[in-house]
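Asker: compute the structure for the input listed below.
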Amino acid sequence: MTRLTSISPLAAAQRTGDKPQGSSWLEAQAEAWGQTLDRQASRIENLSAQISGGNDQPGVVTELSAAAQVMTFLSSAAHTSVSSSGEALKTLSQKS
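Answerer: Numbers count the residues shown, from 1 in each chain. Have a look, this model is predicted:
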């Protein structure tokens, strides 16, 4: 079973300062979440391909089900995190 990866590209960009010119922290956060979701989607695609290819063993089906649940969790967390950050930035800009 693969372990979940963190949104480390965001952390790396903050530590090294290597984010693109004009990029905001919110954009970096969204980009990191996007990369994490893309990796999970690839995992789901690979497991689906195995099943489509005839490897419909219960273990593979269960892995696919678990991977889909992880994707649901990650999608929800990404939405909440980006939305909350955006709302916080909006609130800060209104107080200025």
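Asker: in the strand or helix carrying Ser81, what's buried?
Answerer: Assigned by DSSP states H and E, Ser81 belongs to helix 58-95. Neighbour counts over helix 58-95 (16 or more other Cβ atoms under 10 Å) mark 63-64, 67, 74, 78, 82 as buried. C-beta here means a position set from N, CA and C on the backbone, and glycine is covered the same way.
Asker: out of those residues, who's nearest Leu92?
Answerer: Comparing these against Leu92 with Cβ to Cβ places Val82 closest, at 15.7 Å.
Asker: that closest one against Gln29, yeah?
Answerer: Yes: using Cβ atoms under 8 Å, Val82 is in contact with Gln29, at 6.1 Å.
Asker: which residues are contacting stretch 47-54?
Answerer: 60-61, 63-64, 67 (Cβ atoms under 8 Å, 6 or more residues apart in numbering).
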